[in-house]
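>>> I'd like to go over a predicted model; first the sequence, then the structure.
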Amino acid sequence: MPCLNRRSFLSLSAFAAAAHALPVAAQPSAIRPGSLRVVFFTDTHNEPELRANEGTTLALQKIRSLKPDFCIQGGDHAFDLAAVPRDRAVMLLNLYGQTEHALDGIPIKHVIGNHDIFGRSPDSGISTSDPLYGKKAFEQHFGSKTYQSFDRAGYHFVLLDSIQITPEREFDAMIDPGQIAWLKQDLAATPAGTPVIVASHVPLVSAAPQYSPPDDKAAKAAQYQALTNLHGLLVGNARETIDCFEGHNVIAVLQGHTHINETVFWRDTPYITSGAVCGNWWHGSRWGTPEGFTVLELSNGTAHWHYETYGWKSVAPTADPLRPMGDPHA
């Protein structure tokens, strides 16, 4: 073994001491990002009506055929845990769980959506003291918190909870202060340069308000929520949340909720909104986006994605205002 002179030894010792003194986030990751195929499927809105359960099963079978390493369900698992009586809400939750078996052992992470808040609306008749009320049903059924992070193959994944319940039992699309503090700490503890993928049910960034049809039900609901100081179509404190990404290698943000397929780049980060498995709530395409899901290909720290349809035909189609006349998918 070659000997070190005193000057070399002191230089190496100083370098080692400096590296040890760096905060965790400043130390580069020792794990080189590998390759992963992740399917982001969202807004299944599973229910017995409209053959929706059959449609969800068909989508999951298509996903399974693509052999992803794991999946992220982007929220709104069933329609609708928020506003129906308790017996039906429990039935819908169990039905979704049974349907998800079509993925046949492929790991799945779950993001909470606004329709996943058990008994949130007073119209449901469910008491706030019910052991499943609010987010408890989600946490118990899926065995996880409503926000979390995890690592796979040199990538760091962050799943956010964009749904908050107001004292009036409305929903407000926000990332709450406690979660913001957690997000900052989580990213600060992530080794520098690690590719980060974020998922949120309600979009942080979207151009949907620019082209939504004025008479659309969801667009009208968003206008009502704006008048009542609530946020429904987009996350209300998106800027505060996005500021947490500064200085970190966020390579993709996965989003649902609007049921449309679009990508908006902000500061070189793609905000990828996926179309819904249910399309227009099982009534055909939604603003020109057919029923489907997003396939995310990760390789060497970079992200590529595309939208996949699965051949579903609605049994009760309605006219899509953003489908051109003669479109075979209309």
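Ah, there it is.

>>> what's in contact with the helix or strand where Thr56 lies?
Using DSSP states H and E, Thr56 maps to helix 52-65. By C-beta atoms under 8 Å, 6 or more residues apart in numbering, the surrounding residues in contact with helix 52-65 are 39, 41, 44-47, 71, 79, 95-96, 99-100, 102-104, 106, 277-278, 282, 291-293, 308, 310-312. Quick note: C-beta positions are derived from backbone N, CA and C, even for glycine.

>>> now a ChimeraX select for only the buried ones of those.
Per 16 or more other C-beta atoms under 10 Å, the buried members of the contacts of helix 52-65 correspond to this ChimeraX selection:
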select :39,41,44,45,46,47,71,79,95,96,99,100,102,103,106,277,278,282,291,292,293,308,310,312
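
>>> burial of Trp287, as a residue count?
Burial of Trp287 is recorded as 23 neighbouring residues (other C-beta atoms under 10 Å).

>>> now it: closest residue in space, sequence neighbours ignored.
Leu322 (4.5 Å; C-beta to C-beta, 6 or more residues apart in numbering).

>>> show me what counts as buried in the following helix or strand past the helix holding Thr56.
Following helix 52-65 in sequence order, the next helix or strand is strand 70-73 (DSSP H and E). Neighbour-count burial for strand 70-73, counted by 16+ other C-beta under 10 Å, picks out 70-73.

>>> so which elements touch the helix or strand just after strand 70-73?
Later in the chain than strand 70-73, the nearest helix or strand by DSSP H and E is helix 86-99. Using 3 or more C-beta pairs under 8 Å, 6 or more residues apart in numbering; DSSP states H and E as the contact criterion, the elements in contact with helix 86-99 are helix 52-65, helix 136-142.

>>> would you put the C-alpha positions of whatever helix or strand Gln185 lives in in CSV?
For Gln185, the host element (DSSP H and E) is helix 177-188. Extracted C-alpha coordinates of helix 177-188, given in CSV (Å, rounded to 0.1, in the frame of the first residue of the first chain):
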residue,chain,number,x,y,z
PRO,A,177,-49.3,24.0,7.2
GLY,A,178,-48.3,20.8,9.0
GLN,A,179,-47.8,19.1,5.7
ILE,A,180,-45.8,22.0,4.2
ALA,A,181,-43.4,21.7,7.2
TRP,A,182,-43.2,18.0,6.7
LEU,A,183,-42.5,18.4,3.0
LYS,A,184,-39.6,20.8,3.6
GLN,A,185,-38.1,18.5,6.1
ASP,A,186,-38.5,15.5,3.9
LEU,A,187,-36.9,17.2,0.9
ALA,A,188,-34.1,18.6,3.1
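
>>> residues in contact with that helix?
Contacts to helix 177-188, defined as C-beta under 8 Å, 6+ apart, come from residues 23-25, 147, 149, 158, 160-161, 175, 196, 237, 240-241, 244-245, 248.
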